[in-house]
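**Q** give me coordinates for this.
(one chain, ligands or ions: 2)
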Amino acid sequence: MTNPPPGRPFEDPDEQERRAVTRRAFLRGAALFTGTAAALGGGLELLTRRPGAAPAPSAAPPLVAAPRALGPYDTAEPLTPYAQATTYNNYYEFGLGKADPARLAGGLRTQPWTVLIDGEVRAPLQVDLDRLRSWFTPEDRIYRMRCVEGWSMVMPWQGFPLAALLRRAEPTGHARYVQFTALHDPQQFPGQRGDVLAWPYVEGLRLDEALHPLTLLAVGLNGRALPNQNGAPLRLVVPWKYGFKSIKAVVRITLTRTQPPTTWSLAAPQEYGFYANVNPAVPHPRWSQATEQRIGEWGRQPTLPFNGYAREVADLYRGMDLRVFF
Ligand SMILES: Nc1nc2c(c(=O)[nH]1)N[C@H]1C(S)=C(S)[C@@H](COP(=O)(O)O)O[C@H]1N2
Ligand SMILES: [Mo]
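**A** Ligands and ions are numbered 1, 2, ... in the order given. Alright, predicted model coming up:
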């Protein structure tokens with residue numbers, strides 16, 4: 001009761017004047033970025049360039065992932081402008097405001113970073129992230145991201161399937177779930193000096209969800225190192241579930257026999273379940289989930305079952321009542 005939800009639902013500005021003001025501000029922001037590949041233009045360029053076409057020569061580090069053909073899991077929708085994806089964030093370790101993470105996360109020490117993989121595995125690992133990364137070739141994945149609050153983005157991640165890492169640790173026959181734990185460091189996370197949530201932030205997946213090829217451990221965004229506010233240096237991305245499942249700053253991955261506790265369902269169990277599959281037919285107790293506001297675009301659009309990934313993941317939930325397992 002005392003815990004707030006992960007922010008308020010996105011409020012659709014209904015007053016004409018307010019909308020006009022917001023729109024002017026947005027256009028000013030967009031104009032600032034038209035000279036770079038970071039805004040919408042960069043995303044469209046990425047998506048329309050032919051595979052194999054040489055990128056424009058530049059001394060600056062690339063702002064978007066190298067041009068390539070879209071993969072089977074990529075959406076062709078326009079990317080959310082990088083400037084917005086990196087300044088409108090939920091990361092309660094840095095505060096409740098959307099702008100807090102970008103303002104406060106710059107100094108987070110992301111190196112060295114150790115990841116522990118333990119629990120129901122035959123080959124537990126405690127490994128430096130640089131070493132862990134060297135085991136895998138990063139892949140590009142352009143995913144929709146739908147926050148439970150009613151807004152969404154399209155984000156071009158770089159990372160590797162969680163399945164590849166889990167296989168390396170060799171889950172035992174008893175493993176049925178995976179728990180993820182974020183860094184606990186009140187010295188670095190001002191939000192952890194208060195008790196707005198039970199720290200550290202924890203999340204969980206069923207093992208078959210964790211092994212699904214869509215489930216990514218991200219280390220990059222827009223072809224660059226993952227910004228701290230987006231979860232550097234290692235962050236889970238589960239695109240068919242509400243954004244709060246995609247835990248940032250992961251330090252531990254534990255295979256378990258039973259369903260692990262998760263931060264938001266501990267805070268408000270009647271509002272946030274373990275599964276948290278994006279579902280327009282199941283309203284949040286305090287707002288509808290039927291539509292969403294795509295950040296950087298106008299108006300609301302329908303929210304799709306499993307966030308548009310039903311073809312890939314609906315089979316995981318055959319026979320389950322998704323109103324009960326919400
Ligand atoms: N450790 C941690 N991970 C977190 C959160 C958080 O507060 N702490 N917020 C979640 C929520 S509610 C969302 S919507 C996404 C936002 O990711 P983004 O800022 O990269 O868009 O991160 C998720 N991961
Ligand atoms: Mo969220």
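**Q** same question for stretch 212-225: list its buried residues.
**A** Neighbour-count burial for stretch 212-225, with 16 or more other Cβ atoms under 10 Å as criterion, is recorded at H212, L214, T215, L216, L217, A218, V219, G220, L221, N222, G223, R224. (C-beta placed from N, C-alpha, C; glycine too.)
**Q** out of those, the closest to D74 would be?
**A** L214 (11.0 Å; Cβ to Cβ).
**Q** need the buried residues of stretch 212-225 in JSON lines (columns: pLDDT, distance to V282 and secondary structure).
**A** Below are those laid out as JSON lines (pLDDT from 0 to 100; distance: Cβ to Cβ, whole Å; DSSP: H, G, I helix; E, B strand; the rest coil):
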{"residue": "H212", "pLDDT": "98", "distance to V282": "21", "secondary structure": "coil"}
{"residue": "L214", "pLDDT": "98", "distance to V282": "21", "secondary structure": "coil"}
{"residue": "T215", "pLDDT": "98", "distance to V282": "22", "secondary structure": "coil"}
{"residue": "L216", "pLDDT": "98", "distance to V282": "25", "secondary structure": "strand"}
{"residue": "L217", "pLDDT": "98", "distance to V282": "28", "secondary structure": "strand"}
{"residue": "A218", "pLDDT": "98", "distance to V282": "27", "secondary structure": "strand"}
{"residue": "V219", "pLDDT": "98", "distance to V282": "32", "secondary structure": "strand"}
{"residue": "G220", "pLDDT": "98", "distance to V282": "33", "secondary structure": "strand"}
{"residue": "L221", "pLDDT": "98", "distance to V282": "29", "secondary structure": "strand"}
{"residue": "N222", "pLDDT": "97", "distance to V282": "32", "secondary structure": "coil"}
{"residue": "G223", "pLDDT": "95", "distance to V282": "35", "secondary structure": "coil"}
{"residue": "R224", "pLDDT": "96", "distance to V282": "36", "secondary structure": "strand"}
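**Q** closest one of the residues you listed to F180?
**A** Comparing the buried residues of stretch 212-225 against F180 with Cβ to Cβ places L217 closest, at 9.7 Å.
**Q** I'd guessed that closest one sits against P233; true?
**A** No - if you go by Cβ atoms under 8 Å, L217 and P233 don't touch, sitting 10.4 Å apart.
**Q** in the stretch 151-300 of the chain, which spans are strands?
**A** Using DSSP state E, counting those that start in this stretch, the strands found in the stretch 151-300 of the chain span residues 151-161, 177-182, 202-206, 216-221, 224-225, 235-237, 250-256, 291-294, 300-302.
**Q** tabulate those strands (a markdown table), appending distance to ligand 2.
**A** Converted to a markdown table, these look like this (distance: least, Cβ to the ion, whole Å):
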| stretch | distance to ligand 2 |
| --- | --- |
| strand 151-161 | 8 |
| strand 177-182 | 14 |
| strand 202-206 | 12 |
| strand 216-221 | 16 |
| strand 224-225 | 22 |
| strand 235-237 | 13 |
| strand 250-256 | 16 |
| strand 291-294 | 12 |
| strand 300-302 | 17 |
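**Q** so which of the ones you listed gets nearest G106?
**A** Nearest to G106, of the strands of the stretch 151-300 of the chain and by Cβ to Cβ, is strand 224-225 at 12.9 Å.
**Q** quick one: strands adjacent to that closest one?
**A** With DSSP bridges as the test, strand 224-225 is paired with strand 216-221 (antiparallel).
**Q** wait, does the strand it pairs with contact ligand 1?
**A** No - Strand 216-221 does not reach ligand 1 (Cβ under 6 Å from any ligand atom); its nearest approach is 7.8 Å.
**Q** ok, now stretch 259-275?
**A** No - Stretch 259-275 lies apart from ligand 1 when judged by Cβ under 6 Å from any ligand atom; the minimum separation is 7.6 Å.
**Q** endpoints of that stretch, how far apart?
**A** One end of stretch 259-275 sits 11 Å from the other (Cα to Cα, to the nearest Å).
**Q** in the stretch 51-200 of the chain, what residue is nearest ligand 2?
**A** Across the stretch 51-200 of the chain, the shortest distance to ligand 2 (Cβ to the ion) belongs to C147, at 3.5 Å.
**Q** next one: that residue from E139, what distance?
**A** 24 Å (Cβ to Cβ, to the nearest Å).
**Q** neighbour count for the two, which is higher?
**A** More neighbours surround C147 than the other of C147 and E139, with 22 against 15 (other Cβ atoms under 10 Å).
**Q** and V282, what does it touch?
**A** Q289, L322, R323, F326 (Cβ atoms under 8 Å, 6 or more residues apart in numbering).
**Q** looking at it, L214 is touching Y73, isn't it?
**A** Yes - L214 is within contact range of Y73, at 5.9 Å (criterion: Cβ under 8 Å).
**Q** which residues do those two both contact?
**A** Y143, E312.
**Q** what residues does this structure have near ligand 1?
**A** For the chain, the contact set with ligand 1 under Cβ under 6 Å from any ligand atom comprises 6, 89-93, 145, 147, 182, 201, 230-231, 243-244, 246-249.
**Q** partner residues bridging T254?
**A** Under the criterion used (DSSP bridges), T254 bridges to D118, Q179.
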